[in-house]
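Student: Model the following, please.
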Amino acid sequence: MATASIVLHNGARISLLRAAPFLAAHLACLAAFFIGFRWSYVILCLALYYIRMFFVTAGYHRYFSHRSFKTSRGFQFLMAFVAMTSSQKGVLWWAAHHRHHHRCSDTEEDLHSPSLGGFWWSHVGWILSDRYNATQVDLIQDFYRFPELRWLNKYHLVPPMALAVTLFLVGGWGALVWGFFISTVLLWHSSFTINSFSHVFGVRRYATSDTSKNNLLLALLTMGEGWHNNHHHYMASARQGFFWWEVDITYYTLRVLSWFRIVWDLRQPPLSALPATEASS
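Tutor: Have a look, this model is predicted:
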């Protein structure tokens, strides 16, 4: 039976039924007005925002999409699981689509170019579209060989549901609303700004073939992902803030983890990719 849908960029459709959980999560945030306010809820919200943001940026992006460092199989699974509590679909799905984006950035084949599909398509429309539900297995063969990652990718609702249930059992409605729903919605839209705002607002240090830009505010919101023009210039680097003053909290955290050999072989941009003043320092 056909369901109501909205037609967006290039004929892609968003099924209103399939988009209902996404919309419901936003509406659930309004429950904050009907439960007692506590500063502990705000702290919980921010803590889970930044913890999960790290695993999205370090895991989904820098590790699974670009292999910018190495780690053990156990920590690889942990990164995937915690990143997936952000409700951004499966780890293999995410990384494969991101690799496709880099191959075709701001061309007709790009999944989420704001230059071609408009701001809302690049921000959230593409991820809700039925067109991109499938995992592009051919682009993620290196990680597809791990059965635990294939399982997580198939049952991608398990990690966020496990987090939501745990929060409710431990802290009740307040922990569920602030720790899961508000934190997740903030995490969604901050993450999505890299696909939308980072190709519209900011400055360009490098003349890349796309419209990527560097943006300090977005770098602070996303723990370093806002140095997007740097990243498109040399995507294999675990470090995206090339200058010392370009705050990249994800990279700093990876450096700390490397001291304990939890991660290792953090890839750096070559001197040819760095600004002249940085390369000579």
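
Student: so who does residue 42 touch?
Tutor: By Cβ atoms under 8 Å, 6 or more residues apart in numbering, the contact set of residue 42 is residue 178. For glycine as for every other residue, the C-beta is placed from the backbone atoms N, C-alpha and C.

Student: again with the one 3 residues further on
Tutor: Residue 45 sits next to 178, 179, 182, 183, 186 when contact means Cβ under 8 Å, 6+ apart.

Student: what about it, distance to residue 193?
Tutor: Plainly put, residue 45 is 18 Å away from residue 193 if you go by Cβ to Cβ, to the nearest Å.

Student: now do residue 270
Tutor: Taking Cβ to Cβ, one finds residue 270 at 28 Å from residue 193.

Student: higher neighbour count, those two?
Tutor: Shown here are residue 270 and residue 193; by other Cβ atoms under 10 Å, residue 193 has more neighbours (23 against 11).

Student: And the pLDDT for that one?
Tutor: pLDDT, residue 193: 92.

Student: Confirm for me that it is in contact with residue 221.
Tutor: Yes: using Cβ atoms under 8 Å, residue 193 is in contact with residue 221, at 6.9 Å.

Student: now the strands: where do they sit in the protein?
Tutor: In the chain, strands defined by DSSP state E lie at 5-7, 13-15, 70-71, 263-264, listed in chain order.

Student: okay, those strands, which one's buried deepest?
Tutor: Comparing the strands of the chain by mean neighbour count (mean count of other Cβ atoms under 10 Å), strand 263-264 ranks first with a mean of 19.

Student: so what strands line up beside that one?
Tutor: strand 70-71 (antiparallel) (DSSP bridges).

Student: Can you point out the buried residues in stretch 205-217?
Tutor: 205, 208, 210, 211, 212, 213, 214, 215 (16 or more other Cβ atoms under 10 Å).

Student: got the end-to-end distance for that stretch?
Tutor: Using Cα to Cα, to the nearest Å, the end-to-end distance of stretch 205-217 comes out at 16 Å.

Student: Ignoring the adjacent residues along the chain, who's closest to residue 208?
Tutor: Setting aside the residues directly before and after it, residue 208 is nearest to residue 232 in space (Cβ to Cβ, 6 or more residues apart in numbering), at 4.7 Å.

Student: Contacts only, for that neighbour.
Tutor: By Cβ under 8 Å, 6+ apart, the neighbours of residue 232 are 102, 105, 206, 208, 210, 212.
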